[in-house]
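Q: I would like to see how this sequence folds:
(one chain, ligands or ions: 2)
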Amino acid sequence: MSLPVDKSPIPEKPLHKNEQLKVESNWLRGNIRRELADSSTGAVSDDSNQLMKFHGVYQQDDRDVRNQRRKEGKEKAFIFMARVRVPGGVCQPAQWLALDQLADSHANGTLKITTRQSFQLHGILKSNLRPLVQQINLAAHFNTRGACGDINRGVMCNPNPEESTLHQQVWPIMKAVSDHLLPRTRAYHELWVADELVDGGEPEDEPIYGRSYLPRKFKIVFAVPPSNDVDIYAHDLGFIAIADESGKKLVGCNVTVGGGLGMSHNQLETFPRLADVMGFCTVDQVIDVAEKVVTVQRDYGDRVDRKFARLKYTIENRGLSWFRGEVERRLGYKLQTPRRFEFTHTGDRYGWTQGDNGNAHFTLFIQSGRVKDTADYKLKSGLREIARVHQGDLRLTPNQNLIIANITPAERPRIEALLRQYKLDTANNATGLKLNSMSCVALPTCGLALAESERYLPELVRLLETEVEAAGLRNDAISLRITGCPNGCGRPSLAEIGLVGRAPGKYNVYLGAAFNGSRFNVLYKASVATAELVPMLGPIIRRYAQERLNGERFGDFVIRAGYVTPTFTPHDFHEQRNAAKGEQI
Ligand code: SRM
Ligand code: SF4
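A: Numbering: from 1, shown residues only. Ligands and ions are numbered 1, 2, ... in the order given. You can find the predicted model right below:
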């Protein structure tokens, strides 16, 4: 079904100014080096800010003091954020220790585990920026290359490669795709790592991206059923691992395309879109398929209006069969019919699990992924001590949590003692609602936030937990996700209860996503004040406790009980928003 408004690029319209910026940037160098060295201001120009995103760095400002500084006639309190690329979320203890230290010495003292299995460091002053990124490379042996910008971002993967034979086969393929789609420009090394300019050598080229890179960000994930922890339907490109009859040998992947969550409150043509399953490919075709999907989007994505430049709009406008045909034409072979698969959940398995290889793993709930010490919970210190002794590795989950992975039987008592000593063993002792909650960062660092998110989540969860406990639902998993704006960084559209910031203290409330991430939620009430949220949700939670069918999930119940009617296509979504326009969506 086509959308009422066709946003295909119209050749006569000028390309977005970022397109020229990319082409003229000398492979993403621009004026970054000169501006970083300029100590007369704590900021960089808009152009440099755009280009720095390709190197994993964002310019921000402390929004808590923005108004006050404006009144005082001062410039914004500029700070930077660096996003560390962590393919599949796997981090060695030594890498953790290096980042932990860099967060203290060069940033705001916290580590943020993101919804896409990477780390962010916040509150970096300009003078600390280059030294920090350099040390992320040299001391932590990570990098920030392509972590943001119009390019393929960090690739996500179900983070338990050791837990089954299948996981072990998927991880290297994910890593190969991630490496294959990295930018090739030497600018990153030159700007952030080398002590001296690295000029000369072979002429540079970006064989996959070309000089103008992609029209917009691009996101890839690998899912291993039955877990849909990576939220595959939210991503531009996804691979669903398919095993042979034994369940042990990976034979290939179903390929999904065209997912994405960002939308704007007042731009009714924007919408979240669930990815389609496009076909099946064998293991040795995965990299080729990924590359060809990326190049089709490179050539056909909208380079005029960035609001419509994601792959989801290319596919929605041109149709899935056209897209598949174009990918197959470039591949030179056809994709096979998708194989059967089943997803059961998107959340993490908390606490201890036993791996196939005899090692154990401990999954720890970390609220909003923020690793910091508070007066009564020394999370950062505890994890530092664990990283000092741990022989295995650490894994970031797509739900902002952490797995202390591959703990040998011999080392387990030591890890258990440290978990106890730092009270980390109590973190998972929470309601199913809290354990399935997520938020994006929002204020004070995110320049796009319309409302609080990470800072509001603890209070909201505390109040909702009272309702949940009173209803006898302590151990029932209900997914709750909140974001400070409709860009969707905490993937709120895929939560059974999704709250999306509308204005300070006001949220649109969405209900009814599927627990396994295969159906979006639907707008239930627009612009609800924080004081009204719990009184509004409490009765629905209680009714769910009383009237649910055997095994019925909260998201399914709210649909059966008539609170919301699910939307299936972007067209439905568009119609629904049009109908509710009067309600100030
Ligand atoms: Fe995001 C922009 C944070 C996952 C959709 N996102 C931003 C920025 C960089 C704000 C900006 O552009 O100035 C936020 C920085 C806030 C801060 O202070 O740190 C930001 N996004 C995040 C993170 C850190 C949220 C978190 O709390 O974990 C996640 C980092 C992921 C990573 O490690 O790479 C994050 N962002 C997502 C996701 C979820 C996902 O990909 O699984 C989405 C929705 C999926 C999608 O892309 O459709 C998402 N972020 C956006 C968008 C909307 C894109 C769109 O197509 O409309 C923006 C705004 C933009 O790109 O213009 C955005
Ligand atoms: Fe910022 Fe909006 Fe993303 Fe939250 S959802 S981090 S407020 S852009």
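Q: Check the contact between M263 and K307; I expect there is one.
A: No. Using CB atoms under 8 Å, M263 and K307 do not qualify as a contacting pair, with a distance of 9.2 Å. Any C-beta I mention is one placed from the backbone N, CA and C, and that applies to glycine too.
Q: who's in contact with V230?
A: Contacts for V230 (CB atoms under 8 Å, 6 or more residues apart in numbering) come out as 156-158, 221-223, 238, 398.
Q: I'd like to know which of those are part of strands.
A: Among the contacts of V230, the members falling in strands (DSSP state E) are 156-157, 221-223, 238.
Q: burial count for the closest residue to I32 other than its chain neighbours?
A: Of all residues not flanking I32 in the chain, S48 sits nearest, at 5.0 Å (CB to CB, 6 or more residues apart in numbering). The tally of other residues near S48 (other CB atoms under 10 Å) stands at 22.
Q: what sits up against the helix or strand S48 falls within?
A: Using DSSP states H and E, S48 sits within helix 46-53. The contact list for helix 46-53, computed with CB under 8 Å, 6+ apart, reads 18, 21-22, 25, 28-32, 35, 44, 58-59, 148-149.
Q: which parts of it are buried?
A: Using 16 or more other CB atoms under 10 Å as the test for burial, helix 46-53 gives 47-53.
Q: returning to what we had before: what pLDDT does the model give the residue nearest to I32?
A: On the pLDDT scale, S48 is placed at 98.
Q: L511 reaches Y563, doesn't it?
A: Yes. With contact defined as CB under 8 Å, L511 reaches Y563; the gap is 5.6 Å.
Q: Name the residue in the two with the higher neighbour count.
A: Neighbour totals were compared for L511 and Y563, and L511 leads with 24 against 16 (other CB under 10 Å).
Q: bridging residues for the more buried one?
A: Taking DSSP bridges as the rule, L511 bridges to I497, V522.
Q: Against L379, how distant is it?
A: To L379, L511 is 31 Å away according to CB to CB, to the nearest Å.
Q: One more: R298?
A: Counting by CB to CB - R298 and L379 are separated by 41 Å.
Q: what does I220 give?
A: In this view, I220 and L379 are 30 Å apart by CB to CB.
Q: ok, back up a step: following element in sequence after the helix holding S48, please.
A: Per DSSP H and E, the first helix or strand lying C-terminal to helix 46-53 is strand 57-61.
Q: can you count the residues close to the closest residue to P492 other than its chain neighbours?
A: Ranked by CB to CB, 6+ apart and with sequence neighbours excluded, the top spatial neighbour of P492 is G498, at 3.6 Å. The tally of other residues near G498 (other CB under 10 Å) stands at 29.
Q: now do the one 3 residues further on
A: Here the number of neighbours of G501 (other CB under 10 Å) works out to 27.
Q: again with N475
A: By other CB under 10 Å, the residues close to N475 number 9.
Q: if I pick it, what's in contact with it?
A: Neighbouring residues of N475 by CB under 8 Å, 6+ apart: 431-432.
Q: how near is the residue in the stretch 151-300 of the chain that ligand 2 sits nearest to to S48?
A: Residue nearest to ligand 2 within the stretch 151-300 of the chain (CB to the nearest ligand atom): G262, separated by 8.4 Å. Distance, G262 to S48, by CB to CB: 24 Å.
Q: Equivalent analysis for V389, please.
A: Here V389 is placed at a distance of 42 Å from S48 (CB to CB).
Q: Which one of the buried residues of helix 46-53 is nearest to ligand 1?
A: Nearest to ligand 1 among the buried residues of helix 46-53: K53, at 8.0 Å, using CB to the nearest ligand atom.
Q: Tell me the pLDDT of the closest one.
A: So, for K53, pLDDT stands at 98.
Q: and the helix or strand where R69 lies, what does it pack onto?
A: Using DSSP H and E, R69 sits in helix 66-71. For helix 66-71, there is no helix or strand it packs on, judged by 3 or more CB pairs under 8 Å, 6 or more residues apart in numbering; DSSP states H and E.
Q: Extract the CA atoms of it and return them as PDB.
A: C-alpha atoms of helix 66-71 as PDB (Å, rounded to 0.1, in the frame of the first residue of the first chain):
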ATOM      1  CA  ARG A  66      21.300  26.700  29.100                       C
ATOM      2  CA  ASN A  67      18.700  29.200  30.100                       C
ATOM      3  CA  GLN A  68      20.700  30.700  32.900                       C
ATOM      4  CA  ARG A  69      23.700  31.100  30.700                       C
ATOM      5  CA  ARG A  70      21.600  32.700  28.000                       C
ATOM      6  CA  LYS A  71      20.300  35.200  30.600                       C
END
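Q: ok, and does that helix reach over to ligand 1?
A: No. Helix 66-71 does not reach ligand 1 (CB under 6 Å from any ligand atom); its nearest approach is 13.7 Å.
Q: now stretch 354-366
A: No. Applying CB under 6 Å from any ligand atom, one finds stretch 354-366 out of contact with ligand 1, separated by at least 11.3 Å.
Q: how about the strands in the stretch 1-150 of the chain?
A: Along the stretch 1-150 of the chain, counting by DSSP state E, counting those that start in this stretch, strands occupy 57-61, 78-84, 90-91, 111-113, 119-124.
Q: contacting residues for Q60?
A: For Q60, the contact set (CB under 8 Å, 6+ apart) comprises 78-81, 122, 445-447.
Q: One more: A187?
A: The neighbours of A187, taking CB under 8 Å, 6+ apart as the test, are 26-29, 55.
Q: try 7 Å this time
A: Residues in contact with A187 (CB atoms under 7 Å, 6 or more residues apart in numbering) are 27-29.
Q: now swap in N143 and tell me
A: Remark: with contacts taken as CB under 7 Å, 6+ apart, N143 is in contact with 85, 136-137.
Q: repeat for N137
A: With contact set as CB under 7 Å, 6+ apart, N137 has these partners: 143, 192-193.
Q: CSV for these, including pLDDT and distance to K423?
A: Putting those into CSV (pLDDT from 0 to 100; distance: CB to CB, whole Å) gives the following:
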residue, pLDDT, distance to K423
N143, 98, 34
W192, 97, 38
V193, 96, 39
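Q: between these, which is closest to T567?
A: For those, the closest approach to T567 (CB to CB) belongs to N143, at 39.7 Å.
Q: So that closest one versus ligand 1, what's the distance?
A: For N143, the distance to ligand 1 (CB to the nearest ligand atom, to the nearest Å) stands at 14 Å.
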